[in-house]
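Participant: Take a look and give me a structure for this.
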Amino acid sequence: MSGPGVRTLDLNCDLGESFGVYRYGADTEVMPLITSANIACGAHAGDPRTMRESVDLAVRHGVAIGAHVGLADREGFGRRAIAVGAQDVHDLCLAQIGALDAFVRAAGQRMAHVKPHGALYVMVNDQPELAQAVCAAVRAFDPRLALYALPGSALAAAARDAGLGVVEEFFADRPYQAGRVRMFGWTPEELGTPDVAAERAVQHLRTPALAGVGTVCVHSDSPAAAARLRALRAHLDRAGWTVAPPRPSRNPTGPATTPLSPRHVDEALQPAPSS
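Facilitator: The predicted model follows:
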């Protein structure tokens with residue numbers, strides 16, 4: 001908050017998910033409209049060329065850069081539930097952060113944050129051991145990096161326990177039911193038009209439960225992603241709120257005091273096919 005009734009919100013986008021001959025997402029259109037970019041790091045999507053191009057595009061538009069780390073599952077786009085242990089999650093995250101950071105450093109920039117993708121995001125929402133593994137990887141690489149996480153999630157709690165910065169996140173292009181975001185299994189009709197979705201997002205963000213949210217996500221592969229971001233910016237402006245990169249909250253002096261809430265993410269994960 002910047003003053004009575006004034007709020008500053010970051011707009012983030014998951015992007016850089018093309019690889020090889022496959023083009024994915026409206027990255028060029030959305031980059032001028034956001035303040036933070038979560039760039040895929042070659043596991044669930046992305047490749048070296050796409051990472052370089054995405055970093056360069058973010059730098060041109062003055063957008064903060066974060067690593068969008070996911071499960072090594074290109075076939076399922078990192079959205080399938082896969083049995084994975086804490087050490088594997090740690091190693092996956094550490095490798096991906098390092099890969100993207102090479103391009104960030106080559107561009108003369110510093111990475112700002114880390115955000116898990118897809119199934120991994122859901123898993124670290126309510127599995128403390130996996131959440132702690134992500135945080136251990138981030139802390140080992142650079143403790144200045146913030147973590148994007150759902151309010152009340154295991155990841156947010158683990159990050160605060162580790163003394164890492166936390167930016168609580170809301171999704172403007174996913175349906176919410178009873179206070180829980182449904183990451184998968186939704187239809188475009190449920191999202192509504194860009195204007196309807198933007199107004200709905202502002203209404204959600206006005207509620208006390210989301211007072212601590214510092215960033216709002218629109219995915220680059222969502223229907224009409226750029227139009228959704230333009231509508232969202234317009235509604236935030238009418239609400240008198242400012243769009244800018246986030247200021248992560250930190251709890252460096254001790255363990256997190258915020259209790260974990262019930263699951264905030266719908267568990268409709270697609271199971272991995274049996275071999």
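Participant: From here on, just use CA atoms for contacts and neighbour counts.
Facilitator: Fine.
Participant: Show me what the most centrally placed residue in the chain bridges to in the sheet.
Facilitator: In the chain, the C-alpha nearest the mean C-alpha coordinate belongs to residue 115, at 4.5 Å (C-alpha atoms, centre = their mean). Under DSSP bridges, the beta-bridge partners of residue 115 are residue 68.
Participant: Would you mind listing the residues in contact with it?
Facilitator: Counting by C-alpha atoms under 8 Å, 6 or more residues apart in numbering, residue 115 makes contact with 38, 66-69, 121, 147-149.
Participant: Then residue 41?
Facilitator: Contact analysis of residue 41 by C-alpha under 8 Å, 6+ apart lists 47, 51, 67-69, 96-97, 99-100.
Participant: what do you get if the cut-off is 10 Å, keeping everything else the same?
Facilitator: Shown in contact with residue 41 (C-alpha atoms under 10 Å, 6 or more residues apart in numbering): 16-17, 47-48, 50-51, 66-70, 93, 95-101.
Participant: how near is it to residue 124?
Facilitator: 18 Å (C-alpha to C-alpha, to the nearest Å).
Participant: List the ones among the contacts of residue 41 that fall in strands.
Facilitator: 66-69 (DSSP state E).
Participant: Quick check on residue 206: phi, psi?
Facilitator: The phi/psi pair for residue 206 (degrees, to the nearest 10) reads phi -80, psi -10.
Participant: what pLDDT does it get?
Facilitator: Confidence at residue 206, expressed as pLDDT, is 95.
Participant: Then residue 268?
Facilitator: In this model, residue 268 carries a pLDDT of 37.
Participant: Please apply the same query to residue 24.
Facilitator: At residue 24, the predicted lDDT confidence score is 74.
Participant: I'd like to check which residues are in contact with it.
Facilitator: Residues in contact with residue 24, defined by C-alpha under 10 Å, 6+ apart, are 15-18, 45-46, 220-221.
Participant: distance of residue 53 from residue 208?
Facilitator: Residue 53 sits at a distance of 39 Å from residue 208 (criterion: C-alpha to C-alpha).
Participant: Between the two, which is the more surrounded one?
Facilitator: residue 53 (14 against 8; other C-alpha atoms under 10 Å).
Participant: That one: which element?
Facilitator: Under the criterion of DSSP states H and E, residue 53 resides in helix 48-60.
Participant: what is the mean pLDDT for that helix?
Facilitator: The pLDDT scores in helix 48-60 average 97.
Participant: Check which helices and strands that helix sits against.
Facilitator: On a contact count with 3 or more C-alpha pairs under 10 Å, 6 or more residues apart in numbering; DSSP states H and E, helix 48-60 meets strand 8-15, helix 27-30, strand 36-40, strand 64-69, helix 86-106.
Participant: Let me have those in a markdown table, extended by distance to residue 245, mean neighbour count and mean pLDDT.
Facilitator: Listed next are the helices and strands packed on helix 48-60 as a markdown table, based on distance: least, C-alpha to C-alpha, whole Å; neighbours: other C-alpha atoms under 10 Å; pLDDT from 0 to 100:
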| stretch | distance to residue 245 | mean neighbour count | mean pLDDT |
| --- | --- | --- | --- |
| strand 8-15 | 5 | 24 | 97 |
| helix 27-30 | 15 | 19 | 94 |
| strand 36-40 | 6 | 29 | 98 |
| strand 64-69 | 7 | 28 | 98 |
| helix 86-106 | 17 | 19 | 98 |
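Participant: got TSV for the ones you listed, with distance to residue 80 too?
Facilitator: Shown next, in TSV, are those (distance: least, C-alpha to C-alpha, whole Å):
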stretch	distance to residue 80
strand 8-15	17
helix 27-30	23
strand 36-40	16
strand 64-69	14
helix 86-106	15
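Participant: Would you map the strands across the stretch 151-275 of the chain?
Facilitator: Assigned strands in the stretch 151-275 of the chain, in chain order: 165-171, 176-177, 180-181, 213-217, 242-243, 270-271 (criterion: DSSP state E, counting those that start in this stretch).
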